[in-house]
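> Mind looking at a prediction? Sequence and model below.
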Amino acid sequence: MKKKIVIVGGVAGGASAAARLRRLDENAEIILLEKGDYISYANCGLPYYIGGVIKERKDLFVQTPQRLRARFNIEVRTGHEALKIDREQKTVVVKEITTGKIYKETYDTLLLSPGAVPLRPNIPGLDGNNVFTLRNVDDTDGIKAFLRDHQPQKALVIGASFIGLEIAENLVEAGLEVSLVEMASRVLPKNLDYEMAAPIHCHLREHGVKLYLNTALTMAEQKAGENWAVLSNGTRLQYDLAIVAAGTLPQTGLAKEAGLELGGNGAIRVNSSLQTSDPDIYAVGDAIEVENGITGEKTYLPLAGPANRQGRLAADAISGRKIKYEGAIGTSIVKVFALTAASVGLTEELLRQSGRPYLTSITHPASHAGYYPGGSQMAIKLLFTIEGKILGAQVVGAKNVDKCIDVLATVIKTGGSVDDLALLELAYAPPYSSAKSPANIAGYVAGNIIHGDMKAVSWDQVLDGKNPDLLLLDVREKREVEAGHLEGALHIPLNDLRKRLHELPKDKEIAVYCQVGLRAYIGTRILKQNGFKVSNLSGGWKTIKPILEDRKAAPPTNR
């Protein structure tokens, strides 16, 4: 019997499902309804088209309605909005936007992939033709046209999300002066902990971005033909163009009106086969609730990679294949000028809020062999249990961050431990990595903590007085100490440590630090085996320095 499948939404999940369905069933009738004029376009590429990195608009389109029809024999209806689902009659009420015509479309199976909508905070005065969100091609065209026609000089970006950071960078590249306002204490607050975000804060400022953290936009106003933003700290910013990048909300009005079950976060609830509470209706993409692949808890993770995979899996399930969607672990990455930030799994903030016990480590390995030119250090933060299960990871650096996070995500996805990281056999040649890869080194250090070879102390225990009884010991060379150090720390170079043990007390815990942690580790081993109470300052001066610089940076003002 010929099966009729109607898909609502034609971007990542919907288009992926449609193509897969055809590959699995040549005889099925497949209808793809898309409210907009475009399908299967590169959402993640939109900021780079605005900034001119992607030169041609046509390069944003992965697939076109014409190609999808010709290659896959799919009936693609752009400009058709699904208005209502009648589950008893198994019909969808559809509006053809250009003509206003209303009609009903029957289905045997319905797949919902409506995506998400940008969150627009209710900020008084923030409106007008110079205020945009960036979610689709129409938004992009509007911003490009505004840049061309009005030649704005000052831009205001609200929210330091992925899109917020990407559009901030691209507006700078387009020649604008950019102010970035974020309510949280750091950029990418859902993905990075503060000490991992601090280097990005410094990097943004180095590229001219005026960064306002722990600050809200309270109102906007127009005076004498100028637009002014008023911040919660009293600062007033003049802007010509504003981009709201405050996050997204699942677009679930159609599902809610149809009586489909929604999750606690408002997204469509699905089972492991991506079925909704109606077995004849499936859902994928940014509109659905997913299972956290690490904790098993329900969550909302609107990411392009999972949406594409969900589309393929849903097509398999609709075609009668047994599937089990195991949820998402939230692997993500973003470019910020010359730096890259990536994360997977849980942050320390989330772990603290949940009350789960955890341990952390921070390492700063080189992107490739130090003796080969062109390398740079990256920062890797691991979060793990006392048994060694990896709960999350964050990587920030200039090179090879993508490779490192993908290795870490693979180990997490396959249920691996920090010891598994240490045992990985990864490709090595001087231009590409080190004999001990960054992932190996992260595994070694985490393993040292778990196995009792080293006790780690965190940056906030030192800087924020959470452990005031610690005695700080700097084991770097004199020239390094003179370039920057922690106030009040004793200085004994590592090579002199054994012969100067008598200078150190045995009744206080000694927190040893160096540039990145390696020499401090050697120092802790020497001290521990000589009867001292000792710990290693995780990540060393390389972690501490950008935090100090970030805290010192006074919020820019423009009153």
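Great, that's in hand.

> packing partners for the one helix or strand in the chain whose mean pLDDT sits lowest?
Within the chain, confidence by mean pLDDT, DSSP states H and E is lowest for helix 65-72 among all helices and strands, at a mean of 88. Where contact means 3 or more CB pairs under 8 Å, 6 or more residues apart in numbering; DSSP states H and E, helix 65-72 is packed against helix 12-24, strand 75-78. For every residue, glycine as well, the C-beta is placed using N, CA and C.

> does Ile85 count as helix, strand or coil?
Of the three states, Ile85 takes strand according to DSSP: H, G, I helix; E, B strand; the rest coil.

> Quick one: end-to-end distance for stretch 291-298.
5 Å (CA to CA, to the nearest Å).

> Quick one: distance of it to the chain centre.
Distance, stretch centre to chain centre, for stretch 291-298: 17 Å (CA atoms, centre = their mean, to the nearest Å).

> got any ranges where the stretch 1-150 of the chain has weak pLDDT?
Applying pLDDT under 70 to the stretch 1-150 of the chain flags no residue at all.

> if we can go back for a sec, from the helices and strands packed on helix 65-72, which stretch is densest packed?
Comparing the helices and strands packed on helix 65-72 by mean neighbour count (mean count of other CB atoms under 10 Å), helix 12-24 ranks first with a mean of 24.

> Name the surrounding residues that touch it.
When contacts are defined by CB atoms under 8 Å, 6 or more residues apart in numbering, helix 12-24 is touched by residues 5, 7-8, 10, 28, 30, 32, 34, 39-40, 43, 62-63, 68, 72-74, 111, 113, 115, 284-286, 304, 307-308, 310-312, 314-316, 318-319, 321.

> How about stretch 92-107?
When contacts are defined by CB under 8 Å, 6+ apart, stretch 92-107 is touched by residues 4-6, 8, 31, 33, 35, 77, 79-86, 89-91, 110, 280.

> Surely Ala435 is within a helix?
No. Using three-state DSSP, the assignment for Ala435 is coil, not a helix.

> Please name the spatially closest residue to it (chain neighbours excluded).
Using CB to CB, 6 or more residues apart in numbering and skipping residues adjacent in sequence, the residue nearest Ala435 is Tyr428, 5.3 Å away.

> One more: Ile522?
Leu494 (6.2 Å).

> Please apply the same query to Gly392.
Closest residue to Gly392 apart from its sequence neighbours, by CB to CB, 6+ apart: Gly345 at 3.2 Å.

> if I read this right, that neighbour contacts Lys389, doesn't it?
No. Taking contacts as CB atoms under 8 Å, Gly345 lies outside contact range of Lys389: 10.4 Å.

> okay, these two: which has more neighbours?
Set Gly345 next to Lys389 and count neighbours by other CB atoms under 10 Å: Gly345 wins out with 25 against 15.

> how about the strands in the stretch 351-500 of the chain?
Using DSSP state E, counting those that start in this stretch, the strands of the stretch 351-500 of the chain run over residues 359-363, 379-384, 390-397, 456-457, 471-474, 490-491.

> actually the stretch 151-300 of the chain, sorry about that
Under DSSP E, counting those that start in this stretch, the stretch 151-300 of the chain gives strands at 154-158, 177-181, 210-212, 217-223, 226-231, 236-239, 241-244, 248-250, 281-283, 290-291, 298-299.

> Let's have these in CSV, adding distance to Ala446 and mean pLDDT.
Shown next, in CSV, are the strands of the stretch 151-300 of the chain (distance: least, CB to CB, whole Å; pLDDT from 0 to 100):
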stretch, distance to Ala446, mean pLDDT
strand 154-158, 36, 98
strand 177-181, 33, 98
strand 210-212, 31, 97
strand 217-223, 40, 95
strand 226-231, 40, 97
strand 236-239, 43, 97
strand 241-244, 39, 98
strand 248-250, 33, 95
strand 281-283, 38, 98
strand 290-291, 26, 96
strand 298-299, 25, 94
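
> among the ones you listed, which is nearest Val462?
strand 210-212 (24.3 Å; CB to CB).

> In the chain, which residue is most central in space?
Centroid-nearest residue in the chain, with CA atoms, centre = their mean: Ser332, separated by 4.4 Å.
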